Each structure stands twice: as structure tokens, then as C-alpha cells.
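> The sequence and its predicted three-dimensional model are supplied below.
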Amino acid sequence: MAGNSSRKGAIRQSKKGPSAGTGGKNKKRLTGKGPTPKAEDRPYHAAAKRKKAGEKKATRSPSTRSTSPRATTMTRSAPSRAPRGDRPRGEIVAGRNAVLEALREAVPATELLVARSIDVDDRVAESLKLALHLGLPIREAHRAEVEGISPNSQGIILAIKPYQYSSFEEIMSRAKNPALVVALDGVTDPRNLGAIVRSAAAFGAAGVLMTERRAAAMTASAWKASAGAAARMPIAQVTNLARTIDAAKKMGLFVVGLDGESEETIASMKIAAEPIMIVVGSEGKGLARLTREKCDLVISIPISASTESLNASVATSIALFHIDQARRKG
């Protein structure tokens, strides 16, 4: 059938002739600029710019590159954060006054980080001198690195060594007879913690223990507040204070809680000669309900009606002093 292209072998013939000017291999092909250049060969293309920059970098002579750290800082854009590998691990103390105070108190540290070209005043000079005296490594770094660790560092940072906690069992193993132990129930202020450690050392306590969670840790602030007592006073962290109190009772300790609301005063406590665990509550809430129930005796310290309460460290110091005086009298 004429015009039927569906039969086998049929080929539809185009009625149009060869297209002129298409670049085909005929007499009327285009005479243009040739094939389209690659992207990297086009001057204004991003690929061409990357290629040019790479060639320029490859042909740069190593001898013309400055090896001066200061020149590097000037020509290279400063990183906003310090390289992860160079960041001190654990706690840091930043700022000229804070670092100097920590070094004066011999807070255990791992290194002193100082910014290059730092304006050396009396505080920085003394900090460097103390670090050398303590045998502490001193590392210079770009100011951008130091500020990346702490924006308010004033160009100097002290990396603090993590505190090595003891255990309740170790504290009891070194306790003299009659034992005296201080337990903290939710004390969150590190300065209070340090002051309590200082008082515990002054009045012959075997150690201080506290919970791992919701409590202050032995930070640089706590160490400074202890005035060095933390170096010789065992401090333990426990996971559950109630269970630790039960264990203390089994070891023969008499558990005494401090609470400003108690009707029993410290003057009525007649057990100073016995092994004692003093339990101190938090600054605001005092003893937790379960902790209070676990205590054998809950006492208060009489104060003037015009004063609302004593903070945890002051109350602990008074209680420890009372026990120490009673034991001295026999």
C-alpha cells in the first residue's frame, strides 16, 4: 500500500533536503571558531581560575616563602578557633589575674599557654617565673589560637590537670580512731567546697566525700579556696550518698546531719568521742529528704534572728571545731 511505512524494511523519507550551515560535512558548513573550548581554557570560567591558581602555587619557589611565624600570621588569615589537636584537655584558667593566682596556689597544671607578642606586664612575668619554678611546660601559640580557646584570656591560659579522686573505702582505711569524715549533699559552689576541704584538713578529718552529680567538683576555684589543703586531703566522689551513709553506719560511724531547721542544737551533741560522719546540705535547699532520714542525729547551729542562715562552709567549720574541741577535752 502506498505510503504505508509500517511494513518491514520500510524507511520514512524526509521531504527536507540537507540542512545548510549546521556544521555538517557539506559545502555549506559553518566557518566559525572551531570546537567549544574546555571550561579550564576559558579565561573567565571558574575552572580556569582554579587551574591558574594551582599552577601559580606549584611554580612558587620554596625559598621565597617566609619561615617567620609572624610573617605567617600576617599573610595567612587567622583561624577563628584553635586546631583541635592543640586545645588543652580538661579545665582551663584564663586571664592574667586568674592564672597568676592559680600558679601562686600551685594548682596542678599541665601547661602554660602564652600568645606570641603578648604585652608582658608584672602579672605575666611572674606567671612565667612561677611556671618555670614549678617545672611547667610553657607553649607559645598564635594569638588567634589562644583567643579561640578563651576569648577573654588576655593572651595567657593555664591548663589544669584533672583531679585524682579517692574512694570512700580509701578514706576509711586511713582514718584515725575515732574517725571523722565530711559528706556533702548537693553543695554546688566550688568555693564552698574548697573552704570545706580546708576546714576538714585543719580539724583532723580523714576525708571529704560528695556525689558525682549535682555537686561541685574539684576545679581550680575549689583548689584555690582550699589554700593547698586539697593536695593532702583525700576527696572522694560517690554515686549514691544514701548507700554510702548506710555503709558508713555498718563501719560504726555515727551520722550527724547539719540543718538550720532542727530543734536539736550542736551544744546537745554528746557523741564527739564516737566515729562521726558530718553530712552538710546544699546552700539553698539543705539536706535532701532521704539523706535527712538516714542521719542518726540532725542538729542546727544557733544564730542571731537577724541572720537568715550560714553558708555550707561556715556551718561545717563550726561543727568540725566543736567536735575537735570536745575530743581534745576528752
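Nice, thanks for sending it over.
> Report all helices and strands that the host helix or strand of Ser127 contacts.
Assigned by DSSP states H and E, Ser127 belongs to helix 122-133. In terms of contacts (3 or more Cβ pairs under 8 Å, 6 or more residues apart in numbering; DSSP states H and E), helix 122-133 is packed against helix 96-104, strand 109-115, strand 138-141, strand 156-160. Where you see a C-beta, it was placed from the backbone N, CA and C, and this is true even at glycine.
> I'd like the ones you listed as a markdown table, with mean pLDDT, mean neighbour count and distance to Gly204 appended.
Output for those, formatted as a markdown table (pLDDT from 0 to 100; neighbours: other Cβ atoms under 10 Å; distance: least, Cβ to Cβ, whole Å):
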| stretch | mean pLDDT | mean neighbour count | distance to Gly204 |
| --- | --- | --- | --- |
| helix 96-104 | 91 | 19 | 27 |
| strand 109-115 | 94 | 21 | 29 |
| strand 138-141 | 94 | 15 | 39 |
| strand 156-160 | 94 | 24 | 28 |
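> what's the average pLDDT for the host helix or strand of Val208?
Val208 belongs to strand 207-211 when assigned by DSSP H and E. In this model, strand 207-211 has an average pLDDT of 96.
> contacts for it?
With Cβ atoms under 8 Å, 6 or more residues apart in numbering as the test, strand 207-211 has contacts from 166, 168, 170-171, 174-175, 181-187, 193, 196-197, 200, 216, 233-241, 244.
> Please narrow these to those residing in helices.
Mapping those onto helices (DSSP state H) picks out Phe168, Glu170, Ile171, Arg174, Leu193, Ile196, Val197, Ala200, Leu241, Thr244.
> And those residues, which is the shakiest by pLDDT?
Where pLDDT dips furthest among the ones in helices among the contacts of strand 207-211: Arg174, at 90.
> how near is that residue to Ala220?
Going from Arg174 to Ala220 by Cβ to Cβ, to the nearest Å gives 26 Å.
> neighbour count winner among those two?
Taking other Cβ atoms under 10 Å, Arg174 and Ala220 do not tie; Ala220 has more neighbours (24 against 11).
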